[in-house]
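> no sequence for this one, just the structure:
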């Protein structure tokens, strides 16, 4: 019985058919996340962006399972400060504006993850991937 429980937990952690589009603001942290997070999340495709031109282009280019706003972007928004990497279109935007854009291009059912705390991100991403649509 324990083995069966362990196998189902392992199966629920297989997310290689899913994808995450991340919007962060620190290129170094984003590069590290690109390497570190997929193995911890069941190997989804993980695409990091650190500016709005790249983020919006990727957002519009295909379906995603999860859109993730990294802790730094969340903290800037909460402090009502501009999120680094903005452009003329997104100058002055908060996360509410980004969520609206994401839902406009990905639909209402898209899983959106955001937290200003790094320690919460992994678990929130795991939960979102479990609920999310496959895209690969």
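Looks like it arrived, so ask away. Everything quoted here is computed from the prediction, not taken from an experiment. Numbering: from 1, shown residues only.
> all strands for this structure, in order.
Read by DSSP state E, the chain holds these strands, from start to end of the chain: 19-23, 45-49, 66-69, 111-114.
> reformat the ones you listed as TSV; add distance to residue 127.
Heads up, the C-betas are built off the backbone N, CA and C, glycines and all. Below are the strands of the chain laid out as TSV (distance: least, Cβ to Cβ, whole Å):
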stretch	distance to residue 127
strand 19-23	13
strand 45-49	16
strand 66-69	10
strand 111-114	8
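> which one of those lies nearest to residue 78?
Nearest of the strands of the chain to residue 78, taken as Cβ to Cβ: strand 111-114 at 9.9 Å.
> what strands flank the closest one, and is each parallel or antiparallel?
Paired strands of strand 111-114, with direction, are strand 66-69 (parallel) (DSSP bridges).
> give me the contact list for the partner strand.
Under the contact criterion Cβ atoms under 8 Å, 6 or more residues apart in numbering, strand 66-69 has outside partners 18-23, 44, 59, 77, 95, 98, 102, 106, 110-114, 121, 125, 128-129, 132.
> now list the buried members of those residues.
Those of those that meet the buried threshold are 18-23, 44, 59, 77, 95, 98, 102, 106, 110-111, 113-114, 121, 125, 128-129, 132, by 16 or more other Cβ atoms under 10 Å.
> from residue 131, how far off is residue 15?
Distance check for residue 15 against residue 131: by Cβ to Cβ, to the nearest Å, it reads 11 Å.
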